[in-house]
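Colleague: Here is a sequence together with a model predicted from it:
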There are 2 protein chains.
Amino acid sequence: MNAEMLKGHLDNVILATLERGPAHGYAVIEDIRRRSGGSFDLPEGTVYPALHRLELAGLIASDWVTPEAGRRKRVYALTPGGKTALKDRREGWAEFSRAVGAFLEPDKPWAA
Amino acid sequence: MNAEMLKGHLDNVILATLERGPAHGYAVIEDIRRRSGGSFDLPEGTVYPALHRLELAGLIASDWVTPEAGRRKRVYALTPGGKTALKDRREGWAEFSRAVGAFLEPDKPWAA
DNA sequence: ATTTATACCTTGCATTGCTAGGGGTCAAGT
DNA sequence: ACTTGACCCCTAGCAATGCAAGGTATAAAT
């Protein structure tokens, strides 16, 4: 799978991951890998800047958590604005997916 | 629809457009707009460089055509390599679409 | 004559995912 | 004791891409 295809969709994937509950960066990477069936095996240099980007945009918020056993983690959670954004991006993805499918999935009924 | 979502997918859309037969740049833009149901209304500054890119990569080839009536056009057609690439990219899109759908289309059966 | 649609092109920008590095903690194996 | 691997965080700089903005030119419509 081409690497550039993810551009513009990573934020949506991360937001959808955090929709299931707060998680720290490393766990987000693992969730994405598992939930995508291995298709998205993202390096840290991709995900961490994306998380910072989303926090700067106000779509997620972070808290440092230091458990008794283990290392300190930065746990991210969706903000109300993030939930709204995710809803909008779902619609955006549906439209985009339908539009590209009209070109690359010629068996679909909508492909004129 | 977000603008950055098209990144990495435009080449596939253009290749699929030329799959139906040779066309010049301006016609490609119109075909994409029509076939996408208006979702992709691409400016020339997006499509023309992409066509040059694809030709440089050997996936399409161009010929200048000067009809008796009308303006001269640069007509692009898929090369054998382009047809092969399109086939591969169809599979890539299927995988990518399935993977993103697992995050943004939670009603789908594969969304664990 | 002016506007609109057609038809092509390029420069430079903003954004993005990735590579390649860095730091550090902790458990298990050798 | 030492190394390996898993865990957990971060940044600088690169390459690619879609786009805005601008230019050129012909043909048809008003």
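Modeller: Now that the structure is in, tell me what you want to look at.

Colleague: how about stretch A:61-77, does it reach DNA strand C?
Modeller: Yes - under the criterion of C-beta under 7 Å from any atom of the strand, DNA strand C is reached by stretch A:61-77 at A:69, A:70, A:71. For glycine as for every other residue, the C-beta is placed from the backbone atoms N, C-alpha and C.

Colleague: Flag every buried residue along that stretch.
Modeller: Across stretch A:61-77, burial judged by 16 or more other C-beta atoms under 10 Å in any protein chain shown covers A:62, A:73, A:75, A:76.

Colleague: List, out of these, those positioned next to DNA strand D.
Modeller: Restricting these to those near DNA strand D - C-beta under 7 Å from any atom of the strand - leaves A:73, A:75.

Colleague: Let's see which of the buried residues of stretch A:61-77 end up in strands.
Modeller: Here DSSP state E is the test, and these give A:62, A:73, A:75, A:76 as lying in strands.

Colleague: what packs against the helix or strand hosting residue A:100?
Modeller: Assessed by DSSP states H and E, residue A:100 sits inside helix A:80-104. Here helix A:80-104 touches helix A:10-18, helix B:10-18, helix B:80-104, going by 3 or more C-beta pairs under 8 Å, 6 or more residues apart in numbering or on different chains; DSSP states H and E.

Colleague: For the residue of chain A found nearest DNA strand C, what is the enclosing helix or strand?
Modeller: The minimum distance from chain A to DNA strand C, using C-beta to the nearest atom of the strand, falls at residue A:45 (2.3 Å). For residue A:45, the element it lies in under DSSP H and E is helix A:44-56.

Colleague: mean confidence score for that helix?
Modeller: For helix A:44-56, mean pLDDT rounds to 98.

Colleague: Now do the buried residues in it.
Modeller: In helix A:44-56, the ones that count as buried by 16+ other C-beta under 10 Å are A:47, A:48, A:50, A:51, A:54, A:55.

Colleague: so which of the residues you listed also contact DNA strand D?
Modeller: A:48, A:51.

Colleague: Now flag whichever of the buried residues of helix A:44-56 is closest to residue A:83.
Modeller: Residue A:83 has its nearest neighbour among these in residue A:54, at 12.5 Å by C-beta to C-beta.

Colleague: quick one: contacts for the closest one?
Modeller: Residues counted as contacts of residue A:54 (C-beta atoms under 8 Å, 6 or more residues apart in numbering or on different chains) are A:11, A:14, A:15, A:60, A:76, A:82.

Colleague: okay if I get the residues you listed as a markdown table plus pLDDT?
Modeller: Formatted as a markdown table, those follow (pLDDT from 0 to 100):
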| residue | pLDDT |
| --- | --- |
| A:11 | 98 |
| A:14 | 98 |
| A:15 | 98 |
| A:60 | 98 |
| A:76 | 98 |
| A:82 | 98 |
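
Colleague: And the furthest pair within the residues you listed?
Modeller: A:11 and A:76 (12.5 Å).
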